[in-house]
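Chemist: Fold the following.
(one chain, ligands or ions: 1)
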Amino acid sequence: MTRAPPGKDGPSSGNAHGEEERWTMRDFTDSTVIVTGASSGIGLGIARGFLDGGARVVLNGRDPGKLDGAARALGRPERVAEVAGDIGAATTGEALVRTAVERFGGVDVLVNNAGAFVSTPFTEVTEEELDGFLLGGLKGTYLTTQAAVRRMREQGRGGSVVVIGSALASHSVGALPCSAPSAGKGGVYALTTALAAELAPDGIRVNMVAPGVIRTRTLGRGAEERYASVGLLGRLGEVGEVAEAVLYIAGAEFVTGQVLRVDGGHTTGRTG
Ligand SMILES: NC(=O)c1ccc[n+]([C@@H]2O[C@H](COP(=O)([O-])OP(=O)(O)OC[C@H]3O[C@@H](n4cnc5c(N)ncnc54)[C@H](OP(=O)(O)O)[C@@H]3O)[C@@H](O)[C@H]2O)c1
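Modeler: Residues are numbered from 1 along each chain as shown. Purely as a prediction, here's the structure:
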């Protein structure tokens, strides 16, 4: 079986007990990474993290002007490509993969980050709002992953898929009603575990990073006062803290089917 480590192998030395001490540096120099929803917030931070780690990155978002602005802000144009489009359409995932192949020669890592958040009481959620989370978030993640995995299989060197979930999908907060986004994130969790099992023989690892409440424009004003106390650490998370976890799990060669919670203790307990 060929495997495809997005990271670089470090020095290899068997110790006195014959144990393999090979370790992996988070260096993505020879990797091509697709990041959906990379024109703002967490996705933009993830794209910057991979670029800093040496990767070539294909960015996606719906609004082409906003995506252009993000690409300019990231700099390093020789290692950045853009594909605007709604991931709910299969053609967007296909275009992302085509661009990765044409510009950079292949796809090694897919980060399914695109998504939105709206807090709406259950009985007030409209069908349109529900469709946004189920067709954009869940179906879009499914279709984009399908396109990337088809290519990864063709390449025959494995790969890594990271899905951005949410702590709220397993640990709800009554004051922050979010049945529609949570239904979508519950679906992508099930997809993560199903694909981890199905794609392991191809050397393709599939993991989820589940953020708690992270400081992005999605939250609006007053978020610190309202939501800092939902986690044990008593503060909001930062975009860079999620990006760091995504880079770790994307390159962690012995980790698949896991949920890495970056939530300040939101899903662990209460301080009082
Ligand atoms: N912030 C938090 O506290 C938090 C907590 C848990 C999980 N998350 C998850 O983290 C991810 C990023 O959230 P964020 O807070 O960074 O939000 P954000 O700042 O609003 O960024 C969302 C990104 O996704 C893109 N996007 C949204 N729907 C899309 C679609 N259907 N197709 C293609 N692109 C789409 C947006 O581009 P356009 O604006 O052009 O559409 C934008 O680039 C989401 O999956 C969210 O559910 C966030």
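
Chemist: So what's the residue count around the residue of the stretch 101-250 of the chain found nearest the ligand?
Modeler: Scanning the stretch 101-250 of the chain for the residue nearest the ligand gives residue 115, at 2.5 Å (criterion: C-beta to the nearest ligand atom). (C-beta placed from N, C-alpha, C; glycine too.) The tally of other residues near residue 115 (other C-beta atoms under 10 Å) stands at 27.

Chemist: isn't it right next to residue 138, touching?
Modeler: No. The pair formed by residue 115 and residue 138 falls short of the contact definition of C-beta atoms under 8 Å, at 9.3 Å.

Chemist: dump the residue contacts of the residue nearest to residue 94 when sequence neighbours are not counted.
Modeler: Across the structure, with C-beta to C-beta, 6 or more residues apart in numbering as the measure, the residue nearest residue 94 apart from its sequence neighbours is residue 147 (5.0 Å). With contacts defined as C-beta atoms under 8 Å, 6 or more residues apart in numbering, the neighbours of residue 147 are 90, 93, 94, 96, 97.

Chemist: what helix or strand does the second one sit in?
Modeler: With the criterion set as DSSP states H and E, the secondary-structure element containing residue 93 is helix 90-104.

Chemist: tell me which parts of this protein are close to the ligand?
Modeler: Listed as neighbours of the ligand in the chain under the rule C-beta under 6 Å from any ligand atom: 36-43, 60-63, 66, 86-88, 113-117, 136, 140, 164, 166, 211, 213-214, 216-219.

Chemist: which residues are contacting the biggest helix by length in the chain?
Modeler: In the chain, assigned by DSSP state H, the helix with the most residues is helix 179-199. Taking C-beta under 8 Å, 6+ apart as the criterion, the residues outside helix 179-199 that touch it are 112, 115-118, 120, 122, 125, 129-130, 132-134, 136-138, 141-142, 145, 149, 161, 163, 165-166, 168-170, 172, 204-208, 210, 256-257, 259.

Chemist: What would that helix look like as CSV? C-alpha coordinates only.
Modeler: Output in CSV follows, covering the C-alpha atoms of helix 179-199 (Å, rounded to 0.1, in the frame of the first residue of the first chain):
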residue,chain,number,x,y,z
SER,A,179,-30.6,23.0,15.1
ALA,A,180,-30.0,23.5,11.3
PRO,A,181,-26.2,24.0,11.4
SER,A,182,-25.9,21.2,14.0
ALA,A,183,-27.9,18.8,11.8
GLY,A,184,-25.4,19.5,9.0
LYS,A,185,-22.3,19.1,11.2
GLY,A,186,-23.8,15.8,12.6
GLY,A,187,-23.9,14.6,9.1
VAL,A,188,-20.3,15.5,8.3
TYR,A,189,-19.2,13.7,11.5
ALA,A,190,-20.9,10.5,10.2
LEU,A,191,-19.3,11.1,6.8
THR,A,192,-15.9,11.4,8.5
THR,A,193,-16.1,8.1,10.3
ALA,A,194,-17.6,6.3,7.3
LEU,A,195,-14.8,7.5,5.0
ALA,A,196,-12.1,6.9,7.5
ALA,A,197,-13.0,3.2,7.3
GLU,A,198,-13.7,3.0,3.6
LEU,A,199,-10.6,4.9,2.4
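
Chemist: Show me the strands in the stretch 1-150 of the chain, by range?
Modeler: Counting by DSSP state E, counting those that start in this stretch, one finds strands in the stretch 1-150 of the chain at the ranges 8-9, 24-25, 32-35, 56-61, 80-84, 109-112.
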